[in-house]
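Asks: Could you work out the structure for the sequence below:
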Amino acid sequence: MDEKGNTGITRQQALELIKKYLPQDNLVKHCLATEAIMRVLAGKMGCDEAVWGIAGLLHDLDYTETKDQMAQHTLQTEKILQGIGVSREVIDAIKGHNADNLGFQRKTALEHALTAAECITGLIVATALVYPDKKLASVKPQSIIKRMKQKEFARSVNRDYIRECVKIGIPLEEFAALSLAAMCTVSDELGL
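Replies: Here you go, the predicted structure:
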């Protein structure tokens, strides 16, 4: 899992970048959750788990710098990653999750998957936090779907982005179950 392969970066190097550029613990956890989902999705779709995982891990690398200028989000990441030889596929996927703010359309399965995966993490975490034990293990996929229909619940989570899972051939209910199961594998790191 820690060879550069088709990514141009090892997971350990990616984690070091995360520590350097994302001082907020909640953002690091969001990136770890997104990585876990992306690896599961890649496996299901027969794609390169390292590429999909690294894209998930690094997708918000410049968020601290660009959170107030979403038209710039991912462009700093692109410069950083190009400078160290990260693959174009990973960089394009990262930019693709912010396509709406950058003025282009997502085209690849990887771009749609990353967009859906990074958005559902917020909904899953918010759902877990309403349970008495605040643990992912208590959450059921149906609860995620139910909460998704409640517009006032986790208002900042873009439901349309989550629904992009169907663009990669995965129905919403299955996507919610896969995402929850993936996040459960890193629940200790997420503190949930």
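
Asks: Tell me where the protein has helices.
Replies: Using DSSP state H, the helices assigned to the chain run over residues 11-21, 25-45, 49-58, 63-66, 75-83, 88-96, 99-102, 109-129, 141-149, 159-162, 172-184, 187-190.

Asks: Of all these, which one is nearest residue 3?
Replies: Closest approach to residue 3 among the helices of the chain (Cβ to Cβ): helix 49-58, 7.9 Å. Where C-beta positions appear, they are placed from N, C-alpha and C, glycine not excepted.

Asks: what angle sits between the closest one and helix 11-21?
Replies: In terms of direction (axes from the mean of the first three to the mean of the last three Cα atoms, to 10 degrees), helix 49-58 departs from helix 11-21 by 10 degrees.

Asks: Buried residues, helix 49-58. List them.
Replies: 49, 50, 51, 52, 53, 54, 55, 56, 57, 58 (16 or more other Cβ atoms under 10 Å).

Asks: so where's this protein shaky on pLDDT?
Replies: Within the chain, the stretches with pLDDT under 70 are 1-2.

Asks: could you redo the last one with a cut-off of 80?
Replies: For the chain, the stretches flagged by pLDDT under 80 are 1-5.

Asks: State the phi and psi torsions of the closest residue in space to residue 21 that isn't next to it in sequence.
Replies: With Cβ to Cβ, 6 or more residues apart in numbering as the criterion, residue 21 has its nearest non-adjacent residue at 5.2 Å, and that residue is residue 61. For residue 61, the backbone dihedrals are phi -50, psi -40 (criterion: degrees, to the nearest 10).
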